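Visitor: Sequence first, predicted coordinates after that:
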Number of protein chains: 2
Amino acid sequence: MFAFHLDDTDTNSAARVGRWETPHGVVETPAFMPVGTRGTVKGLWPSQLREIGAQMILGNTYHLALRPGENVVKELGGLHAFMEWDGPILTDSGGFQVFSLGDLRKLTEEGVSFKSHIDGSVLELTPERAMQIQEDLGADCIMCLDVCPPADAPTEPMREAVDRTTRWAQRCRDAHQREDQALFGIVQGGIDPQMRERSALGLLPLDFPGYAVGGLSVGEKPVDMYETLTHTTPFLPVHKPRYLMGVGRPIDIIEAVLRGIDLFDCVMPTRNARNATAFTSQGPIKMRNLKHQLDTSPLDPDCDCPCCTQFSRGYLRHLCTVGEMLGGILLSVHNLAYYQKLVRDLREAIKSNSAQEFRRDHLARTATKP
Amino acid sequence: MFAFHLDDTDTNSAARVGRWETPHGVVETPAFMPVGTRGTVKGLWPSQLREIGAQMILGNTYHLALRPGENVVKELGGLHAFMEWDGPILTDSGGFQVFSLGDLRKLTEEGVSFKSHIDGSVLELTPERAMQIQEDLGADCIMCLDVCPPADAPTEPMREAVDRTTRWAQRCRDAHQREDQALFGIVQGGIDPQMRERSALGLLPLDFPGYAVGGLSVGEKPVDMYETLTHTTPFLPVHKPRYLMGVGRPIDIIEAVLRGIDLFDCVMPTRNARNATAFTSQGPIKMRNLKHQLDTSPLDPDCDCPCCTQFSRGYLRHLCTVGEMLGGILLSVHNLAYYQKLVRDLREAIKSNSAQEFRRDHLARTATKP
């Protein structure tokens, strides 16, 4: 049900092109998943996500379990019916948000208890509960509950986090029942190559249908993230999908693809859009800048998204300046279309063994520093 | 260029069905115009406005003159090109917002000066300037600058406001040059029938291609508004469109149509949507109510809009409860579709001489008090 077909590998890097079968359709990889935190990709209709080429989207277990509650989503037919998205969906375990948003009360071998950031109520998340919630939500791909230490945690606490993540992965696998869901293990270990190796080797015997790399893009330098991926992906099975959680900038995605990552998610395209920043083929643009005021040209001349084919920079600048919601909507559609084009172009580049050239060209065009 | 064809009149009321020709298309009346205050109907793409049957939309001169400035809109090709709406557009004169939002500095025979609600800068609006701004914005239908007294103004100030509105209308007509724009006069006079008559009779010699009724729905009782319309519309030319500014609730539109009004605009469908209130065939619904939590039925079973054909009440309730922007967007689309269906149904009812029955049926179904 979750076959991953490796169709092409780049001869000059670890990049690969694949097709991943899920109960709600095939995902061509590398793929970028727009983030629908609370059951909606902010400001977009599902039909608009399809229109810009989104294949698979992400929902956040922590947020959905708090509101409306996984039981409500289940009663309403599961996440696909709930949000009227019939393509593949992935949910995270909730662990990351518990460690970053929740007021952490207690972390034990059993699980984590935390105070909700909404109403302060105390909740507990265990591996078994993370499975039950995600089974009720009903995504195609779900995540093990992991321990998310700070990126700069010392070796000993990091080792404890890694080993507990492995033990929790075992419990998740034992608890998980739905055969129409792929459960991924999550490799932790910060930016310490030995810890990453330890985490990966601990998870491999559990034979998950795919592996995620967690604990990156949490404040470390980009080069440290890239180095970590260089050390980590070789330990992961070649014929299973690899998912880099919560990453990132366009250049981060390119660098990670070159190191063998297949799946991505990040709030950046939609969050930056609501803050009036657009990703374009010539690099990022701040849309509130006065220089766009009288500009009748499209946001990105190289883009054929519904925003760029209809509206002028001058109009977008006006919407963003006065704070009209349509500004955030139009830029979200464009930014997500930009990310979809990025992974689509990456797939083509890998097929023609030119992923390294694609990276160089991207750096030159966008004047991005890696 | 602005021919108004009266196709049908109700035998049991003053209601009428017409077709109004404009440079950007024909408007079937009675018609409801969604409000695009700052060059956007909040949260909607122009394609979505077309999809739900909107024929003509409204822009606010006051807001657009402040930001981005009418010169910017003109440079970007005029309001149609600016907001990518190729149907008819109407702009108001800015007077209403000056009197209600601006910090009024001075009202003289020459014009009004006011402090912008944005940055406090002092601006002046005269009949001539109102014409220049609206010519630069480039709508199909524009409004004379009028004096907007409080609804409860005593007779003498009300008479002064009415007479000054008439003198300003003359100056507007003299200043206005674009032949591809229809300039409407505005009848003022509060809820005093004699003042309304005085205002209408003062404007008629100026032979405007259409007339607006202003100064209503500003706090007076609904019955007083209806009574005022009963007294006012008979003074207006039969073969020209009549526009009731800023009105209103569904029942207000029905009552006004029965009294011979053809055009409407109101922020209510979109503003209420953002406050999680939906108009439905069974009356208004507060979407945050807990009773909708597990409801898989559509918002309005009698509606075929993109919101009602796709999403459940339970999902809408979730979006509205957590404050997701998609909640306001979906309800805005539905509420505007509801208003479009209302005027469409009214047109059919008038053609079959059953407008009075339509009103009674609406009151019964929605349990609205008139």
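Guide: Thanks, I have the structure now. Numbers count the residues shown, from 1 in each chain, chains lettered A, B, ... in the order given.
Visitor: Run through the residues of the stretch 1-150 of chain A sitting next to chain B.
Guide: Residues of the stretch 1-150 of chain A found near chain B (Cβ under 8 Å from any Cβ of the partner chain) are A:38-40, A:42-46, A:67-68, A:72, A:75-77, A:81-84. In short, each C-beta sits where N, CA and C put it, glycine included.
Visitor: 10 Å instead, please
Guide: Contact residues, the stretch 1-150 of chain A versus chain B (Cβ under 10 Å from any Cβ of the partner chain): A:36-48, A:63-64, A:66-69, A:71-73, A:75-77, A:81-84, A:118.
Visitor: Turn the buried ones among those residues into a named PyMOL selection, would you?
Guide: A single PyMOL command selects the buried members of the residues of the stretch 1-150 of chain A next to chain B (16 or more other Cβ atoms under 10 Å in any protein chain shown):
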select buried, chain A and resi 36+37+38+39+40+41+42+43+44+45+46+48+63+64+66+68+72+73+75+76+81+82+83+84
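Visitor: Go through the host helix or strand of A:Arg359 and flag the buried ones.
Guide: Using DSSP states H and E, A:Arg359 maps to helix A:355-366. Of all the residues in helix A:355-366, those buried under the rule 16+ other Cβ under 10 Å are A:Ala355, A:Gln356, A:Phe358, A:Arg359, A:His362, A:Thr366.
Visitor: related to what we said a few turns ago, quick one: which of the residues of the stretch 1-150 of chain A next to chain B sit in helices?
Guide: A:46-48, A:63-64, A:66, A:71-73, A:75, A:81-83 (DSSP state H).
Visitor: Reformat those residues as CSV; add distance to B:Gly210.
Guide: Listed next are these as CSV, based on distance: Cβ to Cβ, whole Å:
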residue, distance to B:Gly210
A:Pro46, 41
A:Ser47, 38
A:Gln48, 37
A:His63, 51
A:Leu64, 52
A:Leu66, 54
A:Asn71, 56
A:Val72, 51
A:Val73, 51
A:Glu75, 53
A:Ala81, 48
A:Phe82, 47
A:Met83, 45
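Visitor: hmm, which two among those residues are most spread apart?
Guide: Pairwise distances across these peak at 29.0 Å for A:Gln48 and A:Asn71 (criterion: Cβ to Cβ).
Visitor: hang on, A:Asn272 packs against A:Pro250?
Guide: No: A:Asn272 is beyond contact range of A:Pro250, at 11.2 Å (criterion: Cβ atoms under 10 Å).
Visitor: Need the overlap of contacts for the two.
Guide: Common neighbours of A:Asn272 and A:Pro250 (criterion: Cβ atoms under 10 Å, 6 or more residues apart in numbering or on different chains): A:Cys266, A:Phe279, A:Pro284.
Visitor: Get me the contact residues on the stretch 201-350 of chain A for chain B.
Guide: Contacts of the stretch 201-350 of chain A with chain B, taken as Cβ under 10 Å from any Cβ, map to A:274, A:293-296, A:306-307, A:309-315, A:317-319, A:321-330, A:332-333.
Visitor: Show me how to select, in PyMOL, the buried members of the residues you listed.
Guide: Entered in PyMOL, the line below selects the buried ones among those, by 16+ other Cβ under 10 Å:
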select buried, chain A and resi 274+293+295+306+307+311+312+313+314+315+317+318+319+321+322+324+325+326+327+328+329+330+332+333
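Visitor: measure stretch A:260-269 end to end?
Guide: Terminal residues of stretch A:260-269 lie 22 Å apart, using Cα to Cα, to the nearest Å.
Visitor: Over to stretch A:282-298?
Guide: 13 Å.
Visitor: Buried residues, that stretch. List them.
Guide: Buried residues in stretch A:282-298 (16+ other Cβ under 10 Å): A:Pro284, A:Ile285, A:Met287, A:Arg288, A:His292, A:Gln293, A:Asp295, A:Pro298.
Visitor: Repeat that for stretch A:189-199.
Guide: By neighbour count on 16+ other Cβ under 10 Å, the buried set for stretch A:189-199 is A:Gly189, A:Gly190, A:Ile191, A:Asp192, A:Met195, A:Arg196, A:Glu197, A:Arg198, A:Ser199.
Visitor: quick one: which of the residues you listed sit in helices?
Guide: Counting by DSSP H, the buried residues of stretch A:189-199 place A:Met195, A:Arg196, A:Glu197, A:Arg198, A:Ser199 in helices.
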